[in-house]
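*Asks:* Sharing a model that was predicted from the sequence below.
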Amino acid sequence: MSDERRFPRWVYGTGTDPDARFALANERTFLAWIRTSLALLAAGVALEALDLPVQADLRFAAALVLVGLGVLAPVLAWVGWARAERAIRRSSSLPAPSAFGLLVVGVCVAGGLVLVGLAVA
């Protein structure tokens, strides 16, 4: 397929086709982020669906944080995939990860809310 017909054009319209192993490894990383997104969504829903001994408002806040991260993760995965794919196609250095900090902070906040909710319940 010509690069003019591949989506997104701003990724595939630059550089040259890389070794398929690199492109497939980048795709596997993207799919790992999608699995992480599904796990975050499931954890957020489970916090609200199960009758856990956690203070209700803190449980709800933690669930919102997890669901929010679960919704945001695929967007960040797409951006990360595209940045890495462009770098691979240009034979340049891979960009630094941009979403790790947000994910770490979000999960820590949600975990902290649950811990506090357990302590005061």
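*Replies:* Arrived safely, thanks for sending.

*Asks:* Not counting sequence-adjacent ones, nearest residue to the residue nearest the centre of the chain?
*Replies:* Closest to where the C-alpha atoms of the chain average out (Cα atoms, centre = their mean) is Ala73, at 2.7 Å. Leaving aside its chain neighbours, Ala73 sits nearest to Ser37 (3.7 Å; criterion: Cβ to Cβ, 6 or more residues apart in numbering). All C-beta atoms are positioned from the backbone trio N, CA, C, and that covers glycine.

*Asks:* List the contacts of stretch 18-35.
*Replies:* For stretch 18-35, contacts defined as Cβ atoms under 8 Å, 6 or more residues apart in numbering pick out 17, 73-74, 76-78, 80-81, 84-85, 88-89, 91.

*Asks:* hang on, the earlier thing: check which helix or strand covers the residue nearest to the centre of the chain.
*Replies:* Element membership of Ala73, judged by DSSP states H and E, is helix 56-90.

*Asks:* List the buried residues for that helix?
*Replies:* Of the residues in helix 56-90, 58-63, 65-67, 69-70, 72-73, 76-77, 80-89 count as buried by neighbour count, 16 or more other Cβ atoms under 10 Å.

*Asks:* what's the pLDDT at the closest residue to Arg90 other than its chain neighbours?
*Replies:* Nearest non-adjacent residue to Arg90, counting by Cβ to Cβ, 6+ apart: Gly15, 4.2 Å away. On pLDDT, Gly15 comes in at 91.

*Asks:* and the helix or strand bottoming out on mean pLDDT in the chain, how far out from the chain's middle?
*Replies:* The weakest-scoring helix or strand in the chain, judged by mean pLDDT, DSSP states H and E, is helix 9-12 (a mean of 89). Put simply, helix 9-12 sits 21 Å off its chain's centre (Cα atoms, centre = their mean, to the nearest Å).

*Asks:* Restricting to C-alpha, output that helix in PDB.
*Replies:* This file holds the C-alpha atoms of helix 9-12, laid out as PDB (Å, rounded to 0.1, in the frame of the first residue of the first chain):
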ATOM      1  CA  ARG A   9      -0.600  10.300   6.700                       C
ATOM      2  CA  TRP A  10       1.500  12.600   9.000                       C
ATOM      3  CA  VAL A  11       3.200   9.400  10.400                       C
ATOM      4  CA  TYR A  12       3.500   7.300   7.300                       C
END
